[in-house]
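Q: sequence first, predicted coordinates after that:
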Amino acid sequence: MDVIKNHISAIITKLFGIFFRCPPGPQNDHEDPYPSLSDYHDYEPNLEFDDTELQNATGETGLEEKVEVLSCGLDYLESPVSDGTIEENFEEELVDAPPYGYDSLTSPFLEDEEDEEDFRDVSKYGIVEVVGDDTAGRRVIVVSACRLPSSKELDHKRLLRYLMYTLDKFVEQDYSLVYFHYGLTSKNKPALSWLWQAYRAFDRKYKKNLKALYLVHPTNFIRVVWQIFRAVISAKFGRKVMYVNYLHELRQHLNLDQLSIPQPVLEHDERLMVKVNSRNNASNTSQPASSPSTQVPIPTQQFGVSLQFIKEHNGGQAIPPIVQQCVEFLSTPDALETEGLFRRSANVSLVKEMQNRINQGLVVEFNGDVHIAAVLLKTFLRDLEEPLMTFDLYDEITQFQSIAKEDRPRQVKILILEKLPEDNYQVLKYIVQFLSKVMDRCDLNKMTSSNLAVVFGPNLVWSPNGQLSLSAIAPINMFTDFVLVHHDQIFII
């Protein structure tokens, strides 16, 4: 009997080895046969079938490797970052993946987060911050080198885990990274081995939806590091990297007023501009890039003004015209059934052009482009002078996680029906009722209430300083999810 068992075991082992064996090659005897990460982490297989289940299957990591090996040799073209056009296929697994704190089997969000690592000792430095959206509707994450403490004060391995912890909340949708390099010194500069470890740690799921990496105020150190890593960094990832020598160059891609630019970085940029102006024999120095615009809005303007301003200049209409136009277009069956609705960014120049036309009171047409309309709706909400949920309600919303389950319906009704201004209430109700239609088609568009909460939460609620702290992300998303799920019980018909 033992002989038969051993024989069967040997056959199974052999079959398992044949199916899951590593690809042939001269490096097959090593633990990691592929020192270059570009084939695995930056490559997007152009396959005719959906590989979601293969990538998510537990205990079958070898199968994922086999899928990626099958795709070797294929060439995937991506347009340059400066164009802003997204040509990559939307991945179902990124849409279906629940946001941080979500548990579909119990409640909309987990109540018990004791298993999570406590990063308060790292977050206190403000090294990583979330600061809104760029001109293409992508979430913007800022990393500031000048806020990085000495390596004696902070373990860089722990910093890496914190970076991954932060990005995990946003990698399901398109996002951009801004790295302010000024302030990196010999005391706080990580070793090259750490940089390589970080590149390896940020695998395909992080790199796929990263659409732009802005390196602000690059120095020779940055250029040397780039040359060292160039051999193992794919050309596709390299096209996402953009050097920004002066802050004003960043304005064409981002709203600088929303960025959390450290004061040392602002002062450094001013010194650089003084030198530039001196070389050009300029008669006046450049103003700081962070100076807010003092331009008086024109009557037809809708972006960057208040709801009251729009209402006064549109005959007392409660719903801003651009909101109504976007919602009506996106409410068509084809738009509602678009996979990844509100997750994708759009062509930057086209979004800017349409914003300008709308502000001038000119007619705009979406020409069937669902993602343009979706980005414009998110941009409108984000560009309001005050968030739709108002600054006054920020503290209450960020405490939503601590409210007992049985008390949440009553507290949310008080907050929305009693404390929210009437104009804000009408717009919120209009948008939420539209989003309920999006949720009804979630089997096709993959946008559940939790996915929509991740996208819209930060566009409905933000702090008076314009920043979104990492500790506020979970309660804001939880509050938004609750409103979406219980919209028919909250809003007065």
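A: Perfect, thanks for sending it.

Q: in the chain, what secondary structure element scores lowest on mean pLDDT?
A: helix 38-41 (a mean of 36; mean pLDDT, DSSP states H and E).

Q: what about the residue lying closest to D481 once chain neighbours are set aside, distance to H253?
A: Leaving out its chain neighbours, the residue that sits closest to D481 by Cβ to Cβ, 6 or more residues apart in numbering is A453, at 3.9 Å. The C-beta positions use only the backbone N, C-alpha and C, and glycine is treated the same way. From A453 across to H253, the span is 26 Å (Cβ to Cβ, to the nearest Å).

Q: between these two, which has more neighbouring residues?
A: In terms of neighbours (other Cβ atoms under 10 Å), A453 is the more surrounded of A453 and H253; the figures are 26 against 22.

Q: look up how far S123 lies from the more buried one.
A: As judged by Cβ to Cβ, A453 and S123 stand 22 Å apart.

Q: E406 now?
A: E406 is 31 Å from S123, where distance means Cβ to Cβ.

Q: what's the answer for H487, then?
A: 33 Å.

Q: do the same with R410
A: R410 sits 32 Å away from S123, going by Cβ to Cβ.

Q: higher neighbour count, the two?
A: Comparing R410 with S123 by other Cβ under 10 Å, the one with more neighbours is S123, at 17 against 10.

Q: residue ranges in this protein under the pLDDT threshold?
A: Along the chain, the model assigns pLDDT under 70 to residues 1-116, 228-234, 279-295, 467-468, 493.

Q: can you give me the strands in it?
A: Listed in chain order, the strands of the chain (DSSP state E) span 128-133, 139-144, 175-180, 210-216, 241-244.

Q: of all the residues in the last one, which ones are buried?
A: Think strand 241-244. V241, M242, V244 (16 or more other Cβ atoms under 10 Å).

Q: what about that strand, distance to the chain center?
A: Relative to its chain's centre, strand 241-244 lies at 18 Å (Cα atoms, centre = their mean, to the nearest Å).

Q: likewise for the second one?
A: Averaging C-alpha positions (Cα atoms, centre = their mean) puts strand 139-144 9 Å from its chain's average.

Q: other residues contacting it?
A: 126-134, 163, 166-167, 170, 173-180, 183, 254, 258-260, 262, 265, 458 (Cβ atoms under 8 Å, 6 or more residues apart in numbering).

Q: can you say which of those are buried?
A: 127-134, 163, 166-167, 170, 173-180, 183, 254, 258-260, 262, 265, 458.

Q: hmm, V432 and V483 touching each other?
A: Yes: shown here, V483 and V432 form a contact pair, counting by Cβ atoms under 8 Å, at 6.3 Å.

Q: higher neighbour count, the two?
A: Remark: of V483 and V432, V483 carries more neighbours, 23 against 20, as counted by other Cβ under 10 Å.

Q: separation between D133 and S331?
A: Applying Cβ to Cβ to D133 and S331 gives a distance of 23 Å.

Q: tally of neighbours for the closest residue to R408 other than its chain neighbours?
A: If the residues on either side of it in the chain are set aside, R408 comes closest to F482, at 6.3 Å by Cβ to Cβ, 6+ apart. Using other Cβ under 10 Å, F482 has 22 other residues around it.

Q: state the distance from F482 to Q411.
A: Distance from F482 to Q411, by Cβ to Cβ: 10 Å.

Q: tell me, what's touching the two both at once?
A: Contacts common to F482 and Q411, judged by Cβ under 8 Å, 6+ apart, are F400.

Q: contacting residues around stretch 392-408?
A: Stretch 392-408 has contacts (Cβ under 8 Å, 6+ apart) with 107, 109, 111, 387, 389, 411, 415, 419-420, 461-464, 471-472, 474-476, 478-479, 482.

Q: over to stretch 249-269?
A: Outside stretch 249-269, the residues within contact range by Cβ under 8 Å, 6+ apart are 126, 129, 131-132, 134-135, 140, 142, 144, 146-147, 176, 178, 180, 182-183, 212, 214, 216-217, 242, 244, 246-247, 288-290, 292-293, 348, 383, 465-467.

Q: distance between the ends of it?
A: 11 Å (Cα to Cα, to the nearest Å).

Q: so how far is that stretch from its chain's centroid?
A: Stretch 249-269 has its C-alpha centroid displaced from the chain centroid by 19 Å (Cα atoms, centre = their mean).

Q: before we move on, what about stretch 414-428?
A: A distance of 28 Å separates the centroid of the chain from that of stretch 414-428, by Cα atoms, centre = their mean.

Q: stretch 166-182 too?
A: That offset, for stretch 166-182, works out to 6 Å (Cα atoms, centre = their mean).

Q: repeat that for stretch 301-316.
A: The answer for stretch 301-316 is 28 Å, by Cα atoms, centre = their mean.

Q: ranges for the helices of the stretch 351-493 of the chain?
A: Along the stretch 351-493 of the chain, counting by DSSP state H, counting those that start in this stretch, helices occupy 370-383, 394-398, 408-413, 422-440, 442-445, 449-460, 470-485, 487-490.

Q: for the third one, buried residues please.
A: Neighbour counts over helix 408-413 (16+ other Cβ under 10 Å) mark Q411, V412 as buried.

Q: just the longest one next, same as before
A: For helix 422-440, the buried set under the neighbour-count rule, 16+ other Cβ under 10 Å, comprises 423-432, 434-436, 438-439.

Q: please apply the same query to the fifth one.
A: Using 16+ other Cβ under 10 Å as the burial criterion, the residues of helix 442-445 that qualify are C442, N445.

Q: export it as PDB, just CAs?
A: The C-alpha coordinates for helix 442-445 follow below in PDB (Å, rounded to 0.1, in the frame of the first residue of the first chain):
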ATOM      1  CA  CYS A 442     -22.200  47.800 -11.000                       C
ATOM      2  CA  ASP A 443     -22.300  44.300 -12.600                       C
ATOM      3  CA  LEU A 444     -21.200  46.000 -15.800                       C
ATOM      4  CA  ASN A 445     -19.300  49.100 -14.800                       C
END
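
Q: who's in contact with that helix?
A: Helix 442-445 is contacted by residues L336, E337, T338, E339, G340, L341, V438, T448, N451 when judged by Cβ under 8 Å, 6+ apart.

Q: of the residues you listed, buried ones?
A: Looks like those have L336, T338, G340, L341, V438, T448, N451 buried, using 16+ other Cβ under 10 Å.

Q: just checking, the fourth one touches L330?
A: Just to be clear, that refers to L341. Yes: counting by Cβ under 8 Å, L341 sits close enough to L330 to count as a contact (7.4 Å).

Q: now do the shared contacts for those two.
A: In contact with both L341 and L330: V370, A374, V438, using Cβ under 8 Å, 6+ apart.

Q: how many neighbours does H486 have?
A: Counted with other Cβ under 10 Å, H486 comes out at 16.

Q: check contacts around it.
A: By Cβ under 8 Å, 6+ apart, the residues touching H486 are P409, V412.

Q: next up, phi/psi of it, please.
A: For H486, the backbone dihedrals are phi -110, psi 30 (criterion: degrees, to the nearest 10).

Q: that one and Q433, how far apart?
A: 13 Å.

Q: do the same with Y199
A: Here the criterion is Cβ to Cβ. By it, Y199 lies 45 Å from Q433.

Q: kindly report the same for V454.
A: For V454, the distance to Q433 - Cβ to Cβ - is 20 Å.

Q: same deal with R382?
A: Distance, R382 to Q433, by Cβ to Cβ: 20 Å.
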